[in-house]
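**Student:** fold the following.
(one chain, ligands or ions: 1)
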Amino acid sequence: MAVVDKERIQEESVNRRFYQIILSWDYFRLFKEAKMNKETAPKLVKVKNKYKDVDDYISTYEPLIFEEAKSQILRRKNDDEVTNLKFGVVESCSEGDGFHFIEFPCKINEAESISTNDLLLISKDKYVDGERLPTVYAFSLVEHNRKLSDTALIRARLFLAGEFLRFNTDNVQPCPRLLNMRSHICKTGTERNLYFTKICSLSTIAREYLAIRTVGSLAYKDLILNAIGDNSGTEAEGWKIPKPLKEFVDSTFNQYQREAITAGLSSKAFVLIQGPPGTGKTQTILGILSTILHATPTRVNSKSRAIELKQGSQLPMEEKYKHWGLASPWMNSINPRDSLMPKDGDDGFFPTTGNELKPETVTSSRKYRVRVLVCAPSNSALDEIVLRVLNGGVHDENDRAYCPKIVRVGLKAHHSIKPVVLDELMKQKRDCANKSSTDKQSNDFSIRDAILEEATIVFSTLSFSGSNIFSKLSRRFDVVIIDEAAQAVEPATLVPLANQCKKVFLVGDPAQLPATVISDVAKNHGYSTSLFERLKLAGYPVIMLKTQYRMHPKIRSFPSKEFYEDSLEDGEDLESRTERAWHRYSCFGPFCFFDIHEGKETKPPGSNSWINVEEVDFVLFLYQKLVTLYPTLKSGNQVAIISPYKQQVKLLARAFEETFGVSPEKVVDICTVDGCQGREKDIAIFSCVRANDGEVNKGKGETKGKGIGFVDDKRRLNVGITRAKSAVLVVGSASTLKRSEQWVKLVESADKSHSLFKVSKPYSSFFSDESLKSMQDRKEELSQVIRPDSGGTDWTIENVAVDADQAPADDNDDGDVDMDNAGFDED
Ligand SMILES: Nc1ncnc2c1ncn2[C@@H]1O[C@H](COP(=O)(O)OP(=O)(O)OP(=O)(O)O)[C@@H](O)[C@H]1O
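**Tutor:** As a prediction, this is how the structure comes out:
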């Protein structure tokens, strides 16, 4: 049997199993068990650094994926949608492959939000959630949602043979609920009414499950299992960067970035690049793209000796192919376009964004290029790189910047990269194609495949790279580059690797926040550990970018010491480039801690999240003083106000609008720490919120002290204090935060540098003219170099006090889990 067929059959059987198990689950029972905190999970094993074999690996991850899937399903419980039942009548029902398939039409507007791979809860009778529960119900998976003229036809699959109580056996338990559903949808002669509601999409988690179950078929599975890599050979073995391009690399990139770029040309299957904040991760990826696309093979290591290659025209074509294949063990195949021997000149239809960059030109000397898939966990992280490629291009062998043929696939692309979004390119090509073609759909497929085959770089989210548009391509990818790789769970990172590439770059920073995992149980078993972090912990070599170009040295100092073994260096002139007029006041940075010792944390009714009204008050005074003295800070979103807690973020945003009469998003970025990873601002004000006396129930003999929740996570602290270029202003309760080792060090470091301010009420007095004058104790000379802004409107702050009761109750709040950055992709 052909390998491809075997792979396909294995994939089908893995998918079948995944859907059978999930579709057999009882939604209302899951919910009840979760509410009672009932342990229903099979024996879970913690994620390890190394695995002895594929079975060991799969038996660790499989139960964790199901645990996470369960939590994703239950997470929607609070949404309106669960009670927002829609109605349909089954039109047809068939059986196959152990499943039942039903088709039912429904109103077009009701079907709008329903897509392929959505999990629906269907029931025979109407029910009122939380009061009267249905008896005949089941999960179903949407196969397709076809729009007819004024209705939509949904086709869904159900598994009604019984319930899987354990996922690692084939035994199903007979289940009256499913049997009754089966008789209902199969009966003839009467109306088969259905009520249905969308629960969630299973696309992403199903792809992750498939990736885990098929890990054994990857060429570098041993490396994934136990971090053993092929480190033989010199770094740039076999490849040479053409001289003009090399000169560009040498003059543009620092030594750490160059090391990462050179490692890309080695024979290592995996290259791990750790990029602390502001160290030029994205820039390094652009450097890797330029070199990897334009390096030429120089010599090939045969078993016994290195063979010098003849260059260019000296070699017959067959020899050239052979040598390229040998020099690039990670190259999959020769580009089919090469056999056509293109004429020199532009053959592309790929548009650029209108800047002066030339589109790609295909010449006979550049026809052996690799194909690259660039992925990121979220759409926003992905589009950031697409935009950088569009704006700056990549450099060719003669050091000319040009815009390569790139395609961004998947949903929710940012409008600024529209010209290279797959749908847009298809539209253009369709317009040029023969309009008389009758079969529009097959024509569309061939246009899509042609664009994807021709592209040099394809950009996709991790999840979307598992969609079937990739499996149909005849040209696979030679190289996969994954940005923000430390922000993805390991199964998500494996999804693009199934494209059988031979070389993988993981670029990220495990010292910043990891992927969001919904299930606490899975999280406690290490499910949020990224492949990057695990390989690093297992001893796989990591190239660290150490020169940072963002933060004032006084901001860099603490995170460098605490999170990067004091290894961070500052880019040239960084101190003078990040000096600002407001530094003349010691309370405006570069790094300050304001001890709001009278503050108190509270939980708004019905919420698991925390707020601190006193901190809100103080933050607004602080902001108001800054923008009054330096009005230019009001424009261009140069200030971020961040907090670990969603409720505090909401309260800050509301208080801001009430106080200043301006919608905050126009002038300031108010967001959670998790939501601001990857962003850069001039000033960051960080409200820590937690402020308690350390006792849970005063007077009731409780012994266990109250903690500081997820503010204690050093990765969250790292992200919070590394967003700003010129000033990080931390607002918190020193006595409470100092219960954490990390925070003791932070408060002490502020104290040592005379940047710790104990602030008492009324907060207005802290910013009185007299008080400010006393803090205007440094760098008088600075004011001569940088003129402080003058004039400007003085924003009033009369009504700044905020009542805790005003904080909105948030039924959806998940306490210590902030979902702003979840980055789930659905298609
Ligand atoms: N070798 C270099 N020399 C000078 N400036 C550089 C160099 N590398 C990067 N930079 C600058 O550093 C800044 C950050 O670069 P880049 O956006 O690539 O970093 P990043 O690590 O992706 O950032 P983030 O931490 O936000 O993800 C940019 O302004 C970039 O121009």
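
**Student:** so where do the helices sit in the stretch 551-700 of the chain?
**Tutor:** With helices called from DSSP state H, counting those that start in this stretch, the stretch 551-700 of the chain shows them at 553-563, 574-578, 613-629, 646-660, 673-676.

**Student:** mean pLDDT for the ones you listed: which is lowest?
**Tutor:** When the helices of the stretch 551-700 of the chain are ranked by mean pLDDT, helix 673-676 comes last with a mean of 86.

**Student:** list the helices and strands that one packs on?
**Tutor:** strand 639-643, helix 714-721 (3 or more Cβ pairs under 8 Å, 6 or more residues apart in numbering; DSSP states H and E). In short, each C-beta sits where N, CA and C put it, glycine included.

**Student:** on that earlier part again, which among the helices of the stretch 551-700 of the chain is found nearest to residue 197?
**Tutor:** Nearest to residue 197 among the helices of the stretch 551-700 of the chain is helix 646-660; the distance by Cβ to Cβ comes to 25.6 Å.

**Student:** who touches the residue in the chain that the ligand sits nearest to in this structure?
**Tutor:** Distance from the ligand to each residue of the chain (Cβ to the nearest ligand atom) is smallest for residue 280, at 2.8 Å. For residue 280, the contact set (Cβ atoms under 8 Å, 6 or more residues apart in numbering) comprises 253-254, 257, 545, 547, 549.

**Student:** how far away is it from residue 180?
**Tutor:** Between residue 280 and residue 180 the computed distance is 61 Å (Cβ to Cβ, to the nearest Å).

**Student:** over to residue 599?
**Tutor:** Taken as Cβ to Cβ, the span from residue 599 to residue 180 is 56 Å.

**Student:** looking at the two, which has the bigger crowd around it?
**Tutor:** residue 599 (25 against 16; other Cβ atoms under 10 Å).

**Student:** what's the neighbour count on the residue lying closest to the more buried one once chain neighbours are set aside?
**Tutor:** Nearest residue to residue 599 in three dimensions, chain neighbours excluded: residue 614, at 3.6 Å (Cβ to Cβ, 6 or more residues apart in numbering). Per other Cβ under 10 Å, the neighbour tally for residue 614 reads 22.

**Student:** hmm, residue 614 is touching residue 600, no?
**Tutor:** Yes. Shown here, residue 614 and residue 600 form a contact pair, counting by Cβ atoms under 8 Å, at 6.8 Å.

**Student:** which residues are in contact with each of the two?
**Tutor:** Jointly contacting residue 614 and residue 600 under the rule Cβ under 8 Å, 6+ apart are residue 691.

**Student:** who's in contact with residue 125?
**Tutor:** 134-136, 195.

**Student:** please report the distance of it from residue 132.
**Tutor:** In terms of Cβ to Cβ, residue 125 sits 9 Å off from residue 132.

**Student:** residue 89: neighbouring residues, count only.
**Tutor:** By other Cβ under 10 Å, 11 other residues sit near residue 89.

**Student:** I figured it hits residue 190, correct?
**Tutor:** No. The criterion here is Cβ under 8 Å, and residue 89 misses it with residue 190 at 10.4 Å.

**Student:** up against the ligand, what does the chain have?
**Tutor:** 253-254, 257, 275, 277-283, 549, 571, 678, 680 (Cβ under 6 Å from any ligand atom).

**Student:** residue 514: which of these is nearest?
**Tutor:** Of all those, residue 514 sits closest to residue 678, with 13.6 Å by Cβ to Cβ.

**Student:** tell me how far the closest residue to the closest one other than its chain neighbours lies from residue 171.
**Tutor:** Once flanking residues are discounted, residue 678 sits nearest to residue 381: 6.5 Å by Cβ to Cβ, 6+ apart. From residue 381 across to residue 171, the span is 43 Å (Cβ to Cβ).

**Student:** low-confidence ranges, the protein, go.
**Tutor:** Scanning the chain for pLDDT under 70 picks out 1-6, 37-42, 76-83, 129-131, 167-168, 229-238, 297-369, 432-442, 695-706, 777-827.

**Student:** just give me the neighbour total for residue 586.
**Tutor:** As a burial measure, residue 586 scores 18 neighbours (other Cβ under 10 Å).

**Student:** do I have it right that it meets residue 750?
**Tutor:** No. Using Cβ under 8 Å, residue 586 is not in contact with residue 750, being 11.1 Å away.

**Student:** what touches both of those two?
**Tutor:** Listed contacts common to residue 586 and residue 750 are residue 592; contacts here mean Cβ under 8 Å, 6+ apart.

**Student:** which SS class is residue 745?
**Tutor:** Assigned with DSSP: H, G, I helix; E, B strand; the rest coil, residue 745 falls in the helix class.

**Student:** contacting residues around the residue nearest to it when sequence neighbours are not counted?
**Tutor:** Counting by Cβ to Cβ, 6+ apart, residue 745 lies nearest to residue 562, which is 6.4 Å off, once chain neighbours are set aside. By Cβ under 8 Å, 6+ apart, residue 562 lies in contact with 714, 718, 742, 745-746.

**Student:** chain center to stretch 471-484, what's the gap?
**Tutor:** How far stretch 471-484 lies from its chain's middle: 18 Å, per Cα atoms, centre = their mean, to the nearest Å.
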